[in-house]
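Colleague: My questions concern the predicted model and sequence given below.
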Amino acid sequence: MVGIILCAGKGSRISNLDCPNKCLLKFQGISLLQRTLSYMNSINEISRVIIVVNHNKDDVITEARKSTFKELIIIEQKNLNGIVGAIEKCIPAINTDDFMLMLGDEYYDNPKYEDFISYFANSKLSILVGVVYVYEKSRISNTYSIHTKGAKLIYFEEKPKNVSNNIMGTGTILFRNTILTYINRVEVNKQRKERDLVDLLNISLKDNKSVQMYEISKYYFNVNDNYEIENLNTYLINREGKI
């Protein structure tokens, strides 16, 4: 299995960004990228790691190289056309392997990666989506929502204005290699000028691929704006106070 970490974004929604790239933001002295790679290091199933870079790529590459002992592949996404565009750039390096997607601006507390991968490996699923259940449903508007009917997933929605449940989609997703055949069917979103992850998920659902969700952590932060940075800092302070 290949691990993919997307680190190309500029972090334009974060005002006064005090580091070269949002994946290099530090919490308790550890950058988001270093933290993610430490998890990757511990997952035996992942044989090599792809880092997708663009904005201040040299700083990101330096951080990545010092944070992993696994084979590291650097891919530059010159055209920032979304997550699906980034995955497409990785296809030659993925080759015939299944892959685990992660975003460079994510923070998980005690993620269940081993159980997540084990569940996927012992199933016939095409896609396993990492989710969290949140109390503050407005946070889901910064990622994506999952519409369900009973236990069945019926639709993924990017940055929803109206949230119908407390299921928050994350950037950590497991894919079978066969899903790569759907990449060229994902069109550019006319508003965001990007090829959205949710469209790849929805195309897979419509084609009757087996897609499920899995609670990957109790606490998750997609650190892509100042509000979420504040949420994470508050969480960490409160957690330290309980230890």
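Modeller: Looks like it arrived, so ask away. Numbering: from 1, shown residues only.
Colleague: Could you use CA atoms for every contact and neighbour count after this?
Modeller: Fine.
Colleague: Tell me what residue 101 is bridged to.
Modeller: residue 4, residue 173 (DSSP bridges).
Colleague: 42 is where my numbering starts, stick with that
Modeller: With 42 as the first residue, the last one maps to residue 142.
Colleague: That one: neighbouring residues, count only.
Modeller: Applying other Cα atoms under 10 Å, we find 20 residues neighbouring residue 142.
Colleague: The one 5 residues further on too?
Modeller: Applying other Cα under 10 Å, we find 20 residues neighbouring residue 147.
Colleague: Report the separation between the nearest residue to it once chain neighbours are set aside and residue 143.
Modeller: Once flanking residues are discounted, residue 147 sits nearest to residue 263: 4.7 Å by Cα to Cα, 6 or more residues apart in numbering. The gap separating residue 263 from residue 143 is 11 Å, by Cα to Cα, to the nearest Å.
Colleague: picking that back up, in contact with the residue nearest to residue 147, which residues?
Modeller: Contacts for residue 263 (Cα atoms under 8 Å, 6 or more residues apart in numbering) come out as 146, 147, 148, 183, 184, 211, 269.
Colleague: In helices, which of the residues you listed appear?
Modeller: Among the contacts of residue 263, DSSP state H puts residue 269 in helices.
Colleague: Among the contacts of residue 263, which ones are in strands?
Modeller: 147, 148, 211 (DSSP state E).
Colleague: Dump those to JSON lines, plus distance to residue 161 and pLDDT.
Modeller: Converted to JSON lines, the ones in strands among the contacts of residue 263 look like this (distance: Cα to Cα, whole Å; pLDDT from 0 to 100):
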{"residue": "147", "distance to residue 161": "21", "pLDDT": "95"}
{"residue": "148", "distance to residue 161": "22", "pLDDT": "96"}
{"residue": "211", "distance to residue 161": "16", "pLDDT": "97"}
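Colleague: and of those, the nearest to residue 99?
Modeller: residue 147 (20.2 Å; Cα to Cα).
Colleague: Now that the closest one has come up, it's in contact with residue 76, right?
Modeller: No: Residue 147 is beyond contact range of residue 76, at 9.4 Å (criterion: Cα atoms under 8 Å).
Colleague: Name the helix or strand for residue 127, please.
Modeller: Residue 127 is part of helix 124-135, with elements assigned from DSSP states H and E.
Colleague: helices or strands up against that helix?
Modeller: strand 43-48, strand 89-94, strand 112-117, helix 238-247 (3 or more Cα pairs under 8 Å, 6 or more residues apart in numbering; DSSP states H and E).
Colleague: who touches that helix?
Modeller: Contacts for helix 124-135 (Cα under 8 Å, 6+ apart): 43, 47, 91, 93, 114, 116, 118, 121, 221, 224, 227, 235-238, 241.
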